[in-house]
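Peer 1: Here's my sequence, what's the structure:
(one chain, ligands or ions: 1)
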Amino acid sequence: MTMKKTTLFTAVIALVVTSVAIAQATGDAERGKQAYYDYACYGCHGYGGIGRHDIANQSSGVMVNEQVFLLYLRARGDQNPAFSTQTMPHYPASSLSDKDALDIYAYIMTLVDYPPQVEDIPALQGILDDAKSE
Ligand code: HEC
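Peer 2: Residues are numbered from 1 along each chain as shown. Got it, this is the predicted structure:
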């Protein structure tokens, strides 16, 4: 019994530590916002992380932690020739420093997309109501 409680306790602690590690961003999101524009991330990912390829709402597995994100940015140069469908540029450390990349990481983690609700768009709601009544 005591053993089981200890195991459960350890599991809960592990879960808490993991969650904190996932959410941790050491960069400066304010600086990251500027860097996100300066390095043209917005060109494909939109000003709010919603664009040609969405990255808002913490939806990307690449954003699981800073190390994976950095690896992703750096490794692309080698991967692109193998996967011609991948069109994101390569960002080597010589053009985008780790510091700027981690600031961008912190900024992306703050991006949340709130799509408008149908009820808040009277014209659209009207069309749906009309369609229902026929
Ligand atoms: C020319 C367009 C383009 C630019 C500029 C660009 N990206 Fe991307 N990005 C993509 C595309 C397209 C993908 C999807 C993977 C692929 O096809 O290469 C992607 C994927 C990603 C992903 C992974 C998303 C997932 O699906 O998990 C992240 C994170 C990301 N980009 C961040 C950035 C950051 C940060 C910058 C700026 C430093 C940037 N991107 C600049 C096009 C771009």
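Peer 1: shaky segments in the chain?
Peer 2: Applying pLDDT under 70 to the chain picks out residues 1-23, 78-85.
Peer 1: Quick check: residues of the chain near the ligand?
Peer 2: Neighbours of the ligand within the chain, by Cβ under 6 Å from any ligand atom: 39-41, 43-45, 53, 55, 60-63, 85-89, 91, 96, 104. In this view, the C-beta of every residue, glycine as well, is placed from N, C-alpha and C.
Peer 1: Would you list the buried entries among these?
Peer 2: Among the residues of the chain next to the ligand, the ones that count as buried by 16 or more other Cβ atoms under 10 Å are Y39, C41, H45, I55, S60, M63, P89, Y91, L96, I104.
Peer 1: any chance of the residues you listed in TSV, plus distance to L111 and secondary structure?
Peer 2: Formatted as TSV, those follow (distance: Cβ to Cβ, whole Å; DSSP: H, G, I helix; E, B strand; the rest coil):
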residue	distance to L111	secondary structure
Y39	15	coil
C41	11	coil
H45	9	helix
I55	7	coil
S60	10	coil
M63	10	helix
P89	20	coil
Y91	18	coil
L96	18	coil
I104	11	helix
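Peer 1: can I get those residues in TSV with distance to P122?
Peer 2: As requested, those are exported to TSV (distance: Cβ to Cβ, whole Å):
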residue	distance to P122
Y39	40
C41	35
H45	31
I55	31
S60	34
M63	36
P89	42
Y91	44
L96	45
I104	38
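Peer 1: quick one: which of those is nearest to K33?
Peer 2: The nearest member of those to K33, counting by Cβ to Cβ, is I104 at 8.5 Å.
Peer 1: surely that closest one meets G27?
Peer 2: Yes: assessed by Cβ atoms under 8 Å, I104 is found in contact with G27 at 7.2 Å.
Peer 1: tell me the contacts of G43?
Peer 2: Residues near G43 by Cβ atoms under 8 Å, 6 or more residues apart in numbering: G51.
Peer 1: so where does it fall, helix or strand?
Peer 2: If you go by DSSP states H and E, G43 is part of helix 42-45.
Peer 1: for A75, same thing?
Peer 2: A75 belongs to helix 66-79, assigned by DSSP H and E.
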